[in-house]
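Colleague: generate a structure from the sequence data that follows.
(3 chains)
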Amino acid sequence: MTASGPTILWFRQDLRLADNPALAAAVARGHPVMPLYILDDETPGPWRPGAAARWWLHHSLAALAEDLAAKGAPLVLQRGPAQDVLDEVVRESGAAAVYWNRCYEPFAVDRDTALQRDLRARGLEAQSFNAGLLHEPGSLKSGAGGPYKVFTPFWKALQAAPAPPPPARAPERIAAGRAEGERLCDWALLPGKPDWAGGLRQAWTPGEAGGRARLAAFLEHGLTDYGEARDRPGRPGTSRLSPHLHWGELGPRQVWHAALGRAAGRAELALPFLRQLAWREFSAHLLYHWPDLPEQPWRAAFAAFPWRGDDKGFRAWCRGRTGFPLVDAGMRELWATGWMHNRARMVAASFLVKHLLVPWHKGEAWFWDTLVDADLANNAASWQWVAGCGADAAPYFRIFNPARQSEKFDPAGDYLRRWLPELARLPDDHLHRPWAAPAEVLAEAGVELGRTYPKPLLDHAAARDRALAAYQAFRAEGT
DNA sequence: TGAAATGTTGGGGCG
DNA sequence: ACGCCCCAACATTTC
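Modeller: Residues are numbered from 1 along each chain as shown, chains lettered A, B, ... in the order given. I've put the predicted structure just below:
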């Protein structure tokens, strides 16, 4: 086997040129580099990217291809099971090395472990790197020597750990070999008819440049207010970096160092934001150590929970027609933009799981298909957190009251009015509970419950009691 | 990264 | 001045 063959740089969820250790190593190896992306819809099983994520992926790959071309190395696109595709590409190109940045999803770990073994057995160099996490699973261990199961000690350990290495710049130039592949437009990642992506195009700029611009804008205007502003869905107080982080257009190490740099020695200004970045790490570590997290309750006893199969309620929830303004606003924001404010996510998810008693897997699957930031670890860990069966989960008796939540976090109704235009003319003091508004107030605002806006699916107090009773009964049974 | 019920406190109106 | 009540504002407890 020739050690002088080209290097295949296999892109996965690291769609960037800066802070990309595998790319830097491939360039440093000193042979032609073939950047490769493989659309593998088979290996991930049910967790292949959903519809909104595919829209993002299309544009991110287009941006990456352009950036790579400008450096001299066109991106090669191939489709199929990654193992088969790589075999083929290695044979055709005479590659001597394959480099990639590690993924931590269970199917990816299994696949990559086998791949590395096979490539090495055939005399190739196969190397992987960390581009996706501040600290990889296994590098942060609890006092007992195992993985952390509670967030706060994890967060403390993360802060006490040696700072992650500073990010490297993008290579100046990439020497390329021959390259031919498929065409991105043939992959049909974008919606056909109807084209539902209008709201996504308006809300996002996928790609490394878009991610960097978003980060810069957030650091400039949002970092120091983040602790307060992030909870207010009607204001632009969150970073909106999640999809960029998911696809690796930004690396967490870039974000970490940039935030601390912006805080200029006053690290406490950056901590509320970095803490959220740490939740992303915590989820990734949980998934790595508990690979069935997306399918099975982390607390095994929850397998016996008496969920209901409320299809009518589930459909109303999906389309933002529950009659509870904050839930509906969140679900419509999701449908329109592929993203939902975190406060709304918690309330909407809690509503599905606790008010409707629909199994959390159903919400997990819907989010997977509709979120541009759909991330296996974050999605699974967060749904389990809400449902009460996850690690460090919300206690089962914590049941959000959607009306009180929007009164508290969207008092002026900016968020509700933006996503529920049919309620926009209701005065602030009735906007959060239209079912309780006097008839003349509704009429004045042009609202007809059951026609222009749904009547509430259920009574909050009764649903709360039902959820508490279900959890109580299930708990008694388990003991 | 709750909500609701219940308990406590303290200011102010009033006889 | 004093006791009494009301009630808002907190604090605590329970789910």
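Colleague: so what touches the longest strand seen in chain A?
Modeller: Using DSSP state E, we find that the single longest strand of chain A is strand A:33-39. Strand A:33-39 is contacted from outside by A:6-12, A:23, A:26-27, A:61, A:64, A:68, A:73-80, A:82, A:85-86, A:89, A:93, A:95, A:174-177, A:179, A:181, A:187, using Cβ atoms under 8 Å, 6 or more residues apart in numbering. Using the backbone N, CA and C atoms, a C-beta is placed for each residue, glycine as well.
Colleague: same question for that strand, mean pLDDT?
Modeller: Averaged over strand A:33-39, pLDDT sits at 98.
Colleague: before we move on, what about stretch A:428-444?
Modeller: For stretch A:428-444, mean pLDDT is 94.
Colleague: does DNA strand B sit close to that stretch?
Modeller: No - if you take Cβ under 7 Å from any atom of the strand as the test, stretch A:428-444 misses DNA strand B, and the best it gets is 10.8 Å.
Colleague: mind listing residues that contact that stretch?
Modeller: Under the criterion Cβ under 8 Å, 6+ apart, residues A:323, A:325-326, A:403-404, A:406-407, A:411-413, A:416-417, A:423, A:425-427, A:445, A:447-449, A:453, A:455-456 lie in contact with stretch A:428-444.
Colleague: which of these are close to DNA strand B?
Modeller: Among the contacts of stretch A:428-444, proximity to DNA strand B is found for A:Arg404 (Cβ under 7 Å from any atom of the strand).
Colleague: so where's chain A uncertain?
Modeller: When residues are selected by pLDDT under 70, those of chain A lie in A:1-2, A:478-479.
Colleague: residue numbers of the stretch 251-400 of chain A in contact with DNA strand B?
Modeller: Counting by Cβ under 7 Å from any atom of the strand, the stretch 251-400 of chain A comes close to DNA strand B at A:Gln276, A:Trp279, A:Asn342, A:Arg343, A:Met346, A:Ala394, A:Pro395, A:Phe397, A:Arg398, A:Ile399, A:Phe400.
Colleague: 10 Å instead?
Modeller: Where proximity means Cβ under 10 Å from any atom of the strand, the interface of the stretch 251-400 of chain A facing DNA strand B comprises A:272, A:275-276, A:278-280, A:282, A:326, A:342-343, A:345-347, A:350, A:382, A:385-386, A:392-400.
Colleague: now, which of these lie close to DNA strand C?
Modeller: Filtering those for proximity to DNA strand C by Cβ under 10 Å from any atom of the strand leaves A:Pro395, A:Tyr396, A:Phe397, A:Arg398, A:Ile399.
Colleague: looking at the residues you listed, spot the one nearest DNA strand C.
Modeller: Within these, proximity to DNA strand C (Cβ to the nearest atom of the strand) peaks at A:Phe397, which comes in at 4.1 Å.
Colleague: dump the residue contacts of the closest one.
Modeller: When the contact criterion is Cβ under 8 Å, 6+ apart, the partners of A:Phe397 are A:Leu468, A:Tyr471.
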